[in-house]
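Trainee: return atomic coordinates for the entry below.
(one chain, ligands or ions: 1)
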Amino acid sequence: MNTIKKALNESAAMRWGVLLLVGFVLSVNYYFYDAFSTLKDDMRTVFGFTGTDYGLFASFYSVPNTFLLMAVIGGIILDKIGIRRTGFLFVLFMTIGAFLTAYGASDYFNNGGFGYELMSSFLPRFSPELKVMLLGRFFFGLGAETTIVVVSKILVKWFNGKDLALAFGLKVAFGRLGSFAALRISPFISNEGTNLSSAIWFGAILVSIGLLAFLVYMLFDAKLDRQIQPVNNASTTDSFSIRDIIDLLKNRAYLYIALLCVTFYSAIFPFNHYAPDFISDKFGLSSIESGNLTSFLPMGTLIFTPIFGALIDRKGKSASAMIFGAITLLITHLLFALTYTPPLIPIILLGIAYALVPAAMWPTMVKLVDENKIGTAYGLMYSIQNLGLFVFPLLAGAILDATNPGNPEISDYTATILMFAAVSLLGLIFALLLKFEDKKKGFGVELPLNKK
Ligand SMILES: C[C@H](NC(=O)[C@@H](N)CCCCN)C(=O)O
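Mentor: As a prediction, the model looks like this:
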């Protein structure tokens, strides 16, 4: 009997199964990224971390991606050596980074364990545990950002022409699920700092399970390659040139969207690092209560990002959605800084902005850049974004310390949050510029993404 074998990516069950696997890798990535925000106060009591120390720790995630351009380089490596080897390498970096961070915070290390003496022998301004945790955060960040680029490429490989936008919305949702779990589970395990180290080890173990999930994915990827290789060989030889980066930066619409990306996310991710502590200090809640409240944010975006994505696929209006999201973000920070509005209201507003802008911004790239340059375009955008993710947690910690001398238990966050409002205002200006540029050049950013 003559049987024609279907390629794996033609089976819907296989595609969604793959999304579940790589989505898990993203969930643990975001879990470990956000797990520390509810532990800020515990790290202050257990390790004596100041706001600046905490800001430095949060910022270190972005050092490799900004100063060593690792997100761009990771994208180029990905195009050169492929999904399996690049993915394995960068998920491994992420895992090593998570374990190093947990080791730095462990009782064993802090009771004079391996490396303690060495870490005490230089830069005395920084404690040995902070130094090891910074090293861990560096490797974690190096692996985590390129892992997101790898997962994007995996989705294009499996879903192109078959619900790709929905798959991208769900990709963001998996990340938010990780953030949600971190905000709920992390303070629960830490139990006001009595089990701080266990809360961090738990995150590191989750990341290592992510590595196992990626290894399983590699089996499917290899099988798919064996099935589709002859078809794809002809089209995968586009080599990298520095000219691509120059051309991207000369494209004003790309520049505006990259600047919107850095300002928008700089007013959200760094804010999230401080949000549970801010809400707890301003509204007198425990760290578990404020973590639970903050967790409504990723929970809401988990549901709404794919829904907004599907709407933008069909109705368009991406530039308007980005402007609306930027205005909402500005209002949120002004409410947080200047009023005592019950925190759930600004959190809901923040959730709308946080779902709307990513749902519109990431797929819009296909309107601005040729498909064969899209990996470089995303990689460059992530590197630019990471500059903001480096600077703003640091700045927030420094402003917090300057306006609250003596590292007090309860801090006044007004100046810190006003700084985030100013960054949101910049984001709004770039969203408006993008819309004007689109009107002038006719990229079609306002048109639906789905082809008729
Ligand atoms: C898709 C987008 N992701 C990013 O911007 C990443 N650079 C964030 C990384 C945080 C966790 N590792 C998003 O989440 O909207």
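
Trainee: make it CA atoms for all contacts and neighbour counts henceforth
Mentor: OK.

Trainee: how about whatever residue of the stretch 1-150 of the chain ends up closest to the ligand, secondary structure?
Mentor: Nearest to the ligand in the stretch 1-150 of the chain, going by Cα to the nearest ligand atom, is residue 30, at a distance of 4.3 Å. Secondary structure, DSSP: H, G, I helix; E, B strand; the rest coil: residue 30 is helix.

Trainee: contact partners for it?
Mentor: 175, 176, 178, 179 (Cα atoms under 8 Å, 6 or more residues apart in numbering).

Trainee: among these, which one sits closest to the ligand?
Mentor: For the contacts of residue 30, the nearest to the ligand is residue 175 (6.3 Å; Cα to the nearest ligand atom).

Trainee: which element is the closest one on?
Mentor: Using DSSP states H and E, the element containing residue 175 is helix 164-190.

Trainee: after that helix comes which helix or strand?
Mentor: Next along from helix 164-190, by DSSP H and E: helix 196-232.

Trainee: run through the neighbouring helices and strands of that next one.
Mentor: Contacts defined by 3 or more Cα pairs under 8 Å, 6 or more residues apart in numbering; DSSP states H and E place helix 196-232 against helix 12-34, helix 83-104, helix 164-190.

Trainee: over to residue 407: give its phi and psi.
Mentor: phi 50, psi 60 (degrees, to the nearest 10).

Trainee: contact residues of the stretch 151-300 of the chain facing the ligand?
Mentor: Contact residues, the stretch 151-300 of the chain versus the ligand (Cα under 6 Å from any ligand atom): residue 172.

Trainee: name the nearest residue to residue 86, sequence neighbours excluded.
Mentor: Leaving out its chain neighbours, the residue that sits closest to residue 86 by Cα to Cα, 6 or more residues apart in numbering is residue 78, at 5.5 Å.

Trainee: would you mind measuring from the one you found to residue 120?
Mentor: Note on residue 78: its distance to residue 120, by Cα to Cα, to the nearest Å, is 38 Å.

Trainee: do the same with residue 165
Mentor: Per Cα to Cα, residue 165 is found 50 Å from residue 120.

Trainee: what do you get for residue 346?
Mentor: For residue 346, the distance to residue 120 - Cα to Cα - is 43 Å.

Trainee: kindly report the same for residue 427.
Mentor: From residue 427 to residue 120 the distance is 42 Å (Cα to Cα).

Trainee: and these two? Which one has more around it.
Mentor: residue 427 (30 against 16; other Cα atoms under 10 Å).

Trainee: could I get the phi/psi values of the more buried one?
Mentor: phi -60, psi -40.

Trainee: my read: it touches residue 268, true?
Mentor: No: Residue 427 sits out of contact with residue 268 when judged by Cα atoms under 8 Å, with a separation of 11.3 Å.

Trainee: joint contacts of these two?
Mentor: Joint contacts of residue 427 and residue 268 (Cα under 8 Å, 6+ apart) do not exist.

Trainee: list the contacts for the closest residue to residue 323 other than its chain neighbours?
Mentor: Nearest residue to residue 323, sequence neighbours excluded (Cα to Cα, 6+ apart): residue 431, at 5.3 Å. By Cα under 8 Å, 6+ apart, the residues touching residue 431 are 256, 257, 260, 319, 322, 323, 326.

Trainee: what's the mean pLDDT across whichever strand or helix holds the second one?
Mentor: Here residue 257, judged by DSSP H and E, is contained in helix 252-266. If you average the pLDDT over helix 252-266, you get 96.

Trainee: what is the burial count for residue 118?
Mentor: 9.

Trainee: surely residue 291 touches residue 184?
Mentor: Yes: the pair residue 291 / residue 184 is scored as a contact, 6.2 Å apart, by Cα under 8 Å.

Trainee: returning to that earlier point: let me know the angle separating the helix holding residue 175 from helix 196-232.
Mentor: 160 degrees (axes from the mean of the first three to the mean of the last three Cα atoms, to 10 degrees).

Trainee: which strands or helices does helix 164-190 pack on?
Mentor: So helix 164-190, by 3+ Cα pairs under 8 Å, 6+ apart, packs with helix 12-34, helix 128-159, helix 196-232, helix 287-294, helix 296-315.

Trainee: what residues sit buried inside the longest one?
Mentor: Buried residues in helix 196-232, counted by 16 or more other Cα atoms under 10 Å: 196-215, 217-218, 221, 224, 227.

Trainee: end to end, how far does stretch 408-420 reach?
Mentor: First residue to last in stretch 408-420 (Cα to Cα) measures 22 Å.

Trainee: returning to that earlier point: how about the CA coordinates for the helix holding residue 257, as CSV?
Mentor: Extracted in CSV, the C-alpha atoms of helix 252-266 (Å, rounded to 0.1, in the frame of the first residue of the first chain):
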residue,chain,number,x,y,z
ARG,A,252,12.4,55.6,11.1
ALA,A,253,9.4,53.4,11.7
TYR,A,254,11.6,50.6,13.1
LEU,A,255,13.5,53.1,15.2
TYR,A,256,10.2,54.5,16.7
ILE,A,257,8.9,51.0,17.5
ALA,A,258,12.3,50.1,19.1
LEU,A,259,12.2,53.3,21.2
LEU,A,260,8.6,52.6,22.1
CYS,A,261,9.6,49.1,23.1
VAL,A,262,12.5,50.3,25.4
THR,A,263,10.4,53.0,27.1
PHE,A,264,7.2,51.0,27.4
TYR,A,265,8.9,47.9,28.9
SER,A,266,11.2,50.1,31.1
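
Trainee: what is that helix packed up against?
Mentor: The contact analysis (3+ Cα pairs under 8 Å, 6+ apart) places helix 252-266 against helix 242-250, helix 344-368, helix 374-403, helix 414-441.

Trainee: mind redoing it with 6 Å?
Mentor: Contacts defined by 3 or more Cα pairs under 6 Å, 6 or more residues apart in numbering; DSSP states H and E place helix 252-266 against helix 374-403, helix 414-441.

Trainee: and the first one, how far out from the chain's middle?
Mentor: Yep, that's helix 374-403 we're talking about. Relative to the chain's own centre, helix 374-403 is displaced by 11 Å; criterion: Cα atoms, centre = their mean, to the nearest Å.

Trainee: tell me the mean pLDDT over it?
Mentor: Helix 374-403 comes out at a mean pLDDT of 89.

Trainee: report the angle between the axes of it and helix 252-266?
Mentor: Angle, helix 374-403 to helix 252-266, by the same axes, to 10 degrees: 40 degrees.

Trainee: buried residues, helix 374-403. List them.
Mentor: 374-401, 403.

Trainee: out of these, which touch the ligand?
Mentor: Of the buried residues of helix 374-403, the ones that also sit near the ligand (Cα under 6 Å from any ligand atom) are residue 382.

Trainee: quick one, what contacts residue 394?
Mentor: Residues counted as contacts of residue 394 (Cα atoms under 6 Å, 6 or more residues apart in numbering) are 55, 56.

Trainee: residue of the stretch 201-350 of the chain closest to the ligand, please.
Mentor: For the stretch 201-350 of the chain, Cα to the nearest ligand atom, closest residue to the ligand: residue 265, 6.8 Å.
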